[in-house]
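**Student:** Quick one, what's the 3D model for this:
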Amino acid sequence: MRFHKDITAIPGIYYPFFQAFAWHGLNVVQIIAGYAELGFIFYSKDIDRAFAVVKPLTEK
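**Tutor:** Take a look at the predicted model:
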């Protein structure tokens, strides 16, 4: 995911993602974080569920 460059000034901005994955029992294999980017790597068996969990969090 790519965020606006001002994202670094907002504490806890990634929390909803981690919370949703935990609530749905999704194991994150690896997290890739950059300045204003965030990536998650999941096991292939969990990819469809992960997208289903993330989609409502990213819609306006």
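
**Student:** can you pull the pLDDT of the residue positioned nearest the centre of the chain?
**Tutor:** For the chain, the residue nearest the mean C-alpha position is F17 (4.3 Å; C-alpha atoms, centre = their mean). F17 carries a pLDDT value of 90.

**Student:** Secondary structure element holding it?
**Tutor:** Assessed by DSSP states H and E, F17 sits inside helix 15-23.

**Student:** following that helix, which helix or strand shows up next?
**Tutor:** Once helix 15-23 ends, the next helix or strand along the chain (criterion: DSSP H and E) is strand 28-33.

**Student:** on contacts alone, who are the packing partners of that next one?
**Tutor:** On a contact count with 3 or more C-beta pairs under 8 Å, 6 or more residues apart in numbering; DSSP states H and E, strand 28-33 meets strand 38-42. All C-beta spots, glycine's among them, are computed from the backbone N, C-alpha and C.

**Student:** Parallel or antiparallel, list what pairs with the strand it packs on.
**Tutor:** If you go by DSSP bridges, strand 38-42 pairs up with strand 28-33 (antiparallel).

**Student:** Show me the contact partners of the strand it pairs with.
**Tutor:** F18, F21, L38, G39, F40, I41, F42, Y43 (C-beta atoms under 8 Å, 6 or more residues apart in numbering).

**Student:** who's in contact with the third one?
**Tutor:** Contacts were defined as C-beta under 8 Å, 6+ apart; by that measure L38 touches M1, F3, Y14, F17, I31, I32.
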